[in-house]
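Participant: Sequence plus the predicted model coming up.
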Amino acid sequence: MDAYERVTRNTVEVVTDDDLRALLTKPVKRVYAGYEPSGEIHLGHLVTINKLVDLQAAGFEVTVLLADLHAFLNRKGTMEKVRELADYNRRCFEGLGLKNVKYVLGSEFQLNREYQLLVLRLAQEITLNRATRSMDEVGRQMDTPTVSQMIYPIMQAADIALLGADAAVGGIDQRKIHMLAREHLINFGYKAPVCIHTPILNGLDGKKMSSSQGNYISVADTEDEIRKKCQKAFCPPEIAENPILQIFQHHVFPRLPEITIKRPEKFGGDRSFGSYADLEAAYGKGEIHPLDLKKACGESLVEILAPVRDYIQ
Ligand SMILES: N[C@@H](Cc1ccc(O)cc1)C(=O)O
């Protein structure tokens, strides 16, 4: 697989494709993704983590921003609480394979003079309307937005500039913030970042992932919890659009070269697949029973998440 293919696989959009191709020819290239510290790291986070792993393999220097101030501005908890979670998140990310990357705590560089001046300059040219809309899919309780939630996207743009990132990775929910950054950073002598967007995966029940529903797999889940959650997942026969196949596409195949679906002899015996496309095609044709697929999904995830479980215990 060449670098371009590795960087773009499993993405929904790259802005822009030409900019990415140009960046790939550079000897030194930096990418970053930021995370609001969270009490639970789950397969949703893992989609962008996997993309950073791809980018590192493609020759990028990777920075992971533990965005403690952002979480605070977004009403996720006190400064002390989010700071604690940032340490936990870092250990999870390392366990998931993000080693030899730079971890930066937001509050460690966001309070300096140069950074704050850039934030104020950006604030002076970004309208309230644009700032609000950019937070549509990121902000908490946006029916009553706070001033801090208007500062949030502006700081995210400033992060890109002052971390020296040539590219930013995020879920497609980050799109409006990234477009704001691309539009305005160039007015202050900074480059417009290449933006690499991953899909937002559904929960195991096929609905939106949500902590109140618990419809996702967390890296802290036990082996049995992982197996049970997979067995209960929404996975209609022959319909390829289902959360279990999404897990195979975004989490399993990027990390395991081949998977085996175990089946009793009377149903044709075990079948192995070396690519997601082959597995999806076979499932779509009804060649694989949902229960066998779910079991293989559970076992694969147990294997993939084993290292991180050791890391956080
Ligand atoms: N906005 C991101 C977090 C983030 C914060 C600051 C950044 O520079 C980048 C990303 C989220 O929704 O989780």
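Facilitator: Nice, thanks for sending it over.
Participant: can you tell me which residues contact the residue of the stretch 1-150 of the chain found nearest the ligand?
Facilitator: For the stretch 1-150 of the chain and the ligand, the shortest gap (CB to the nearest ligand atom) falls at residue 34, measuring 2.3 Å. Backbone N, C-alpha and C define where each C-beta goes, glycine included. With contacts defined as CB atoms under 8 Å, 6 or more residues apart in numbering, residue 34 is in contact with 64-67, 70, 106, 156, 159, 170.
Participant: what's the burial count for the nearest residue to residue 176 once chain neighbours are set aside?
Facilitator: Counting by CB to CB, 6 or more residues apart in numbering, residue 176 lies nearest to residue 134, which is 4.0 Å off, once chain neighbours are set aside. By other CB atoms under 10 Å, 26 other residues sit near residue 134.
Participant: surely residue 134 meets residue 177?
Facilitator: Yes - shown here, residue 134 and residue 177 form a contact pair, counting by CB atoms under 8 Å, at 4.7 Å.
Participant: Between those two, which contacts overlap?
Facilitator: Contacts common to residue 134 and residue 177, judged by CB under 8 Å, 6+ apart, are residue 153.
Participant: how far does the helix or strand where residue 169 lies sit from the chain's center?
Facilitator: Secondary structure assigned from DSSP states H and E places residue 169 in strand 167-171. The chain centroid and the centroid of strand 167-171 are separated by 8 Å under CA atoms, centre = their mean, to the nearest Å.
Participant: now what about that strand, what contacts it?
Facilitator: 20, 23, 29-34, 44, 47-48, 51-52, 55, 60, 160, 174, 178, 181, 193-200.
Participant: So which of these belong to strands?
Facilitator: 30-34, 194-198 (DSSP state E).
Participant: ok, residue 162 - how many residues close by?
Facilitator: 17.
Participant: Tell me how far the nearest residue to it once chain neighbours are set aside lies from residue 221.
Facilitator: Leaving aside its sequence neighbours, residue 162 sits nearest to residue 115 (CB to CB, 6+ apart; 5.4 Å). As judged by CB to CB, to the nearest Å, residue 115 and residue 221 stand 37 Å apart.
Participant: Next, the contact list for residue 201, please.
Facilitator: 43-44, 47, 209, 243, 246-247, 250.
Participant: now these in a markdown table, with pLDDT, neighbour count and distance to residue 272?
Facilitator: Below are the contacts of residue 201 laid out as a markdown table (pLDDT from 0 to 100; neighbours: other CB atoms under 10 Å; distance: CB to CB, whole Å):
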| residue | pLDDT | neighbour count | distance to residue 272 |
| --- | --- | --- | --- |
| 43 | 97 | 25 | 23 |
| 44 | 96 | 21 | 28 |
| 47 | 98 | 21 | 25 |
| 209 | 93 | 19 | 30 |
| 243 | 98 | 23 | 22 |
| 246 | 98 | 20 | 20 |
| 247 | 98 | 25 | 18 |
| 250 | 98 | 22 | 20 |
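Participant: and the ligand, which of those contact it?
Facilitator: Residues of the contacts of residue 201 in contact with the ligand (CB under 6 Å from any ligand atom): none.
Participant: Go through the residues you listed and name the one nearest residue 6.
Facilitator: residue 250 (14.2 Å; CB to CB).
Participant: Could you pull up the residues touching the closest one?
Facilitator: Going by CB under 8 Å, 6+ apart, residue 250 touches 10, 43, 46-47, 50, 198-199, 201.
Participant: how close does it sit to residue 220?
Facilitator: 19 Å.
Participant: Pick out the residue closest to the middle of the chain.
Facilitator: Note on the chain: the residue nearest the mean C-alpha position is residue 48, at 2.5 Å, using CA atoms, centre = their mean.
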